[in-house]
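Enquirer: sequence and predicted structure are below.
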Amino acid sequence: MKIKAYVVHEANGPYLLEDVELDEPKSGEVLVRNVATGICHTDEFGRSQGVPIPLPLVLGHEGAGIVERVGTGVEDLKPGDHVGITYAFDNSCDACKHGEPYYCENFNPINFGGVAATDGTTRLHQDGRDVSMFFGQSSFATHSVAAAASVAKVDDDIDLGLVAPLGCGVQTGAGAVINAGQADPSSQVAVFGCGAVGMSVIMGAAVVGCKTIIAVGGNPKSLELARELGEPRTPSTVARWRTSRERSVASPVVAPTSAWTPPETAT
Ligand SMILES: [Zn+2]
Ligand SMILES: [Zn+2]
């Protein structure tokens, strides 16, 4: 089927909205009409060819939308289901079999190799050429074909714009503090960098009830939000590191303080 997708043709090139051909879902795959997608620094890493994914390429790895069709063998999803799409995994290596797909032994070849998770080929084409997929979904597009195993059904009344970042940034941050870090109410957590992942660490730490949350970042507005997100369960401590311009003379280290004041109003 013909879809519209943002295609990157060269390293650091622009995202160009173009016609692309998308294959029908194969066995174990679903076709999703994307309603929302997040954007993450890893997309930009792909666009800059920091990881050498074959070009041309359609990025996007935090898709959320509505299932339109399912391939053979898909029993737990049906057309009309609202879903979020996450990273791809082979669903067959030891890590995947043990319920740890985030440690999939083929994580890099699948997610950064330009191919679908299920058979090592791409579902995207343009003018007779293959176009690389990203994270098995390429969600910077009107539609994605993704492995059903990487697609999670959500309730119909949830804003799909909020579901999208769960696919990467939110689970990365919250998982780091809750699962990998095993934080508990006695924990003191310091978060360096307050983007989507850092904010998700802060929210995860607040959910766990960590006794101290220290947010360190360079953007005063982000730090205000970090303080708000850390509040529900615990007071947060916020520190601001100096931006590269401010850092040119002084030491880059700023000690955390519990009485941080935005620089505009500092005396
Ligand atoms: Zn990401
Ligand atoms: Zn695996």
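Expert: That came through, no problem. Ligands and ions are numbered 1, 2, ... in the order given.
Enquirer: which SS state does the nearest residue to Leu59 once chain neighbours are set aside fall under?
Expert: Of all residues not flanking Leu59 in the chain, Asp43 sits nearest, at 4.4 Å (CB to CB, 6 or more residues apart in numbering). For glycine as for every other residue, the C-beta is placed from the backbone atoms N, C-alpha and C. Secondary structure for Asp43, judged by DSSP: H, G, I helix; E, B strand; the rest coil, is helix.
Enquirer: my guess is Asp43 meets Phe134, correct?
Expert: Yes - if you go by CB atoms under 8 Å, Asp43 and Phe134 touch, sitting 7.4 Å apart.
Enquirer: give me the more crowded residue out of those two.
Expert: Phe134 (27 against 23; other CB atoms under 10 Å).
Enquirer: give me the distance between that one and Glu21.
Expert: 17 Å (CB to CB, to the nearest Å).
Enquirer: just Val154 next, same as before
Expert: On the measure of CB to CB, Val154 and Glu21 end up 29 Å apart.
Enquirer: surely Cys40 touches Ala196?
Expert: Yes - applying CB under 8 Å as the test, Cys40 and Ala196 come out as touching, 6.8 Å apart.
Enquirer: intersection of neighbour lists for the two?
Expert: Pro165, Gly169 (CB atoms under 8 Å, 6 or more residues apart in numbering).
Enquirer: looking at the two, which is more packed in?
Expert: Cys40 (22 against 18).
Enquirer: for stretch 77-84, measure first residue to last.
Expert: Chord length of stretch 77-84, first to last residue, is 12 Å (CA to CA, to the nearest Å).
Enquirer: same deal with stretch 103-116?
Expert: With CA to CA as the measure, stretch 103-116 spans 17 Å from end to end.
Enquirer: which residues touch it?
Expert: So stretch 103-116 is contacted by 26, 29, 46, 51, 53-54, 57, 61, 87-90, 93-96, 117, 120-123, 130, 132-136, 145-147 (CB under 8 Å, 6+ apart).
Enquirer: hmm, that stretch in reach of ligand 2?
Expert: Yes - applying CB under 5 Å from the ion, one finds stretch 103-116 touching ligand 2 at Cys104.
Enquirer: neighbours of the residue of the stretch 101-250 of the chain found nearest ligand 1, how many?
Expert: Closest residue of the stretch 101-250 of the chain to ligand 1, CB to the ion: Cys168 (3.2 Å). The tally of other residues near Cys168 (other CB under 10 Å) stands at 24.
Enquirer: dump the residue contacts of the closest residue in space to Thr37 that isn't next to it in sequence.
Expert: Excluding its sequence neighbours, the residue lying closest to Thr37 (CB to CB, 6+ apart) is Ser139, at 4.1 Å. Neighbour list for Ser139: Asn34, Thr37, Gly60, His61, Glu62, Gly63, Ile85, Ala164 [criterion: CB under 8 Å, 6+ apart].
Enquirer: okay, Ser139: pLDDT?
Expert: On the pLDDT scale, Ser139 is placed at 98.
Enquirer: ditto for Ile213
Expert: For Ile213, pLDDT reads 88.
Enquirer: equivalent analysis for Thr122, please.
Expert: Per-residue pLDDT puts Thr122 at 97.
Enquirer: that one should be in a helix, yeah?
Expert: No - counting by three-state DSSP, Thr122 is not part of a helix but coil.
Enquirer: run a quick neighbour tally on it.
Expert: For Thr122, the count of nearby residues is 22 (other CB under 10 Å).
Enquirer: over to Ser144?
Expert: Neighbours of Ser144 (other CB under 10 Å): 33.
Enquirer: got a list of what the residue of the stretch 151-267 of the chain found nearest ligand 2 touches?
Expert: Proximity of the stretch 151-267 of the chain to ligand 2 (CB to the ion) peaks at Val151, 16.4 Å away. Applying CB under 8 Å, 6+ apart, we find Val151 in contact with Val30, Val32, Val67, Leu77, Val83, Gly84, Ile85, Thr86.
Enquirer: contacting residues around the first one?
Expert: In other words, Val30. Counting by CB under 8 Å, 6+ apart, Val30 makes contact with Val67, Arg69, Val70, Gly71, Val74, Leu77, Val83, Val145, Ala146, Ala148, Val151.
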